[in-house]
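# based on what follows, work out the 3D shape:
(chains A and B)
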Amino acid sequence: MNSYIKQLRDGVVTNNPTVVQFLGMCPTLAVTTSVKNAIGMGFAVIAVLTCSNLFISLVRKFIPKEVRIASYIVIISGFVTAVELLIKAFLPALDESLGLFIPLIVVNCIILARAEAFASKNKPLPSIMDGISMGLGFTISLTVIASVRELLGAGTLFDYPVFGEWFSPAIIFILPSGAFLTLGFVVAAVQKIRNSSAERKRIEELKKRMNEE
Amino acid sequence: MANIFLIMLTAILLENFIFSKFYGICPFLGVSEKPATALGMGMAVTFVMTIASAATYAVYYLILEKFNLQYLKTIAFILVIAALVQFIEMFLRKFVPALYSALGIYLPLITTNCAVLGSALVNIQNGYNFIESVVFGFSAALGFTMAILIFAGVRERLAYANPPKAFEGFPLTLITAGLLAMAFSGFSGISFN
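All right, here's what the predicted structure looks like:
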């Protein structure tokens, strides 16, 4: 049980795929114009990542080493097509706004990276957990970025106006350049937090050593 | 002819793959530290994307549509692209070793470049005919090459910058890209109707 909690922490905080490992940048920048899109994209990725991790982990002993990447891509694109058809059938509005980025989950580096780095070496249950945690990490980062962009760029959150009449939105945050800028500042904030926590750890260690002496 | 010209201009400037569509961001951020490597990546992408546009067009209209299997296009296209990249790699190694050593490590990376799959899907979505598809693939790749080259030039200067500690590395790169995207959004006001 403990190891699962550690995995969850790893995916969401310490090794967050988006703001720490910088994987899957295309959807991160493209779909974060609104919180709704970000969450939709996040859940699509969680679904694909969990299924592909489970499946790859199940067949990991039968895939020859030389053709593993090609086989992973075929497995992943199978699940992506399933998710794409499901979204088209039940959430047509989401399909409209995410557009080509649903089929493009196939080439999202997070999924291939987890297949290669984790699912191909581990048992099914931990692989499922890895898919869920990494997917959650991706979803949470996307939601944070999207809330900043939607709040500043449109003055809304989940399409509900947050500010009064007086607020005039800064359209730049909805435009493509705003995506780069917002992500830049979010990553900078994350680095700031990591730097200061590393610093704190170092000081504590120094203190401990001094006490021992 | 005017139509072709319009497609080219739109793909290169108005709807640049990097700065307005966000296709192919990973190589754009990953291999843009030096202009020389950026050019290598750009050339490899241009090469593959042009051929992939033609190949995916043929696969979609000659095979998938005939058997009513359009919903399999994502799987089919990614397989075509992966096979194509492998084939181009083998062909170049055998017959054009100079180009092979120039493109080198960038070729295998292209399979998972979303610009290639993206352009193939856009071709189908917009209903382009064969020539339009190839022209679109080629010019979108040109736009990509231009973007990554400009960006590499900027990043080379940026190496001497002295930013706040939290902004070092990736954040600074992203903000620079944001400023470049702002310049590119100036093109979006142009219309040709």
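# does B:L103 touch B:G42 like I think?
No: under the criterion of Cβ atoms under 8 Å, B:L103 is not in contact with B:G42, lying 10.3 Å apart. Where you see a C-beta, it was placed from the backbone N, CA and C, and this is true even at glycine.
# who's more crowded, the two?
Neighbours of B:L103 and B:G42, each counted by other Cβ atoms under 10 Å in any protein chain shown, are more numerous for B:G42; the result is 26 against 22.
# what about the helix or strand of chain B with the lowest mean pLDDT, near chain A?
Across the helices and strands of chain B, mean pLDDT, DSSP states H and E gives its lowest value to helix B:106-109, namely a mean of 74. No: judged by Cβ under 8 Å from any Cβ of the partner chain, helix B:106-109 makes no contact with chain A; its nearest approach is 8.9 Å.
# any stretches of chain B with poor pLDDT?
Low-confidence segments of chain B, defined by pLDDT under 70: B:104-105, B:191-193.
# quick one: the helices in chain B?
Under the criterion DSSP state H, helices of chain B are mapped to B:2-9, B:25-30, B:35-58, B:73-95, B:97-103, B:106-109, B:114-125, B:130-158, B:170-184.
# what of chain A?
When assigned using DSSP H, the helices of chain A occupy the ranges A:2-9, A:25-30, A:35-58, A:68-90, A:92-98, A:109-114, A:124-154, A:176-212.
# how about the residue positioned nearest the centre of chain A, what does it touch?
Ranked by distance to the mean C-alpha position of chain A (Cα atoms, centre = their mean), the top residue is A:F138 at 1.4 Å. Applying Cβ atoms under 8 Å, 6 or more residues apart in numbering or on different chains to A:F138 gives the contacts A:N16, A:P17, A:T18, A:G24, A:G42, A:V45, A:I46, A:I110.
# ok, of those residues, which one's closest to chain B?
A:G24 (8.2 Å; Cβ to the nearest Cβ).
# my read: the closest one touches A:V106, true?
No: counting by Cβ under 8 Å, A:G24 sits too far from A:V106 to count as a contact (11.8 Å).
# which ones are touching B:P171?
With contacts taken as Cβ under 8 Å, 6+ apart, B:P171 has the following neighbours: A:G184, A:F185, A:V187, A:A188, A:Q191.
# now that we have the residues you listed, which one has the most neighbours?
Each of the contacts of B:P171 was scored by neighbours using other Cβ under 10 Å; the highest score is A:V187's, at 25 neighbours.
# name the nearest residue to that residue, sequence neighbours excluded.
Using Cβ to Cβ, 6 or more residues apart in numbering or on different chains and skipping the chain neighbours, the partner closest in space to A:V187 is B:P171 (4.6 Å).
# and what of B:L14?
What sits nearest to B:L14 in space, not counting adjacent residues and going by Cβ to Cβ, 6+ apart, is B:F187, at 5.2 Å.
# sorry, back to before: to B:E65, which of the helices of chain A lies closest?
helix A:68-90 (16.7 Å; Cβ to Cβ).
# which helices and strands sit right next to that closest one?
Contact partners of helix A:68-90 among helices and strands, from 3 or more Cβ pairs under 8 Å, 6 or more residues apart in numbering or on different chains; DSSP states H and E: helix A:35-58, helix A:92-98, helix A:109-114, helix B:73-95.
# which of the contacts of A:F138 count as buried?
Among those, those classed as buried by neighbour count (16 or more other Cβ atoms under 10 Å in any protein chain shown) are A:N16, A:P17, A:T18, A:G24, A:G42, A:V45, A:I46, A:I110.
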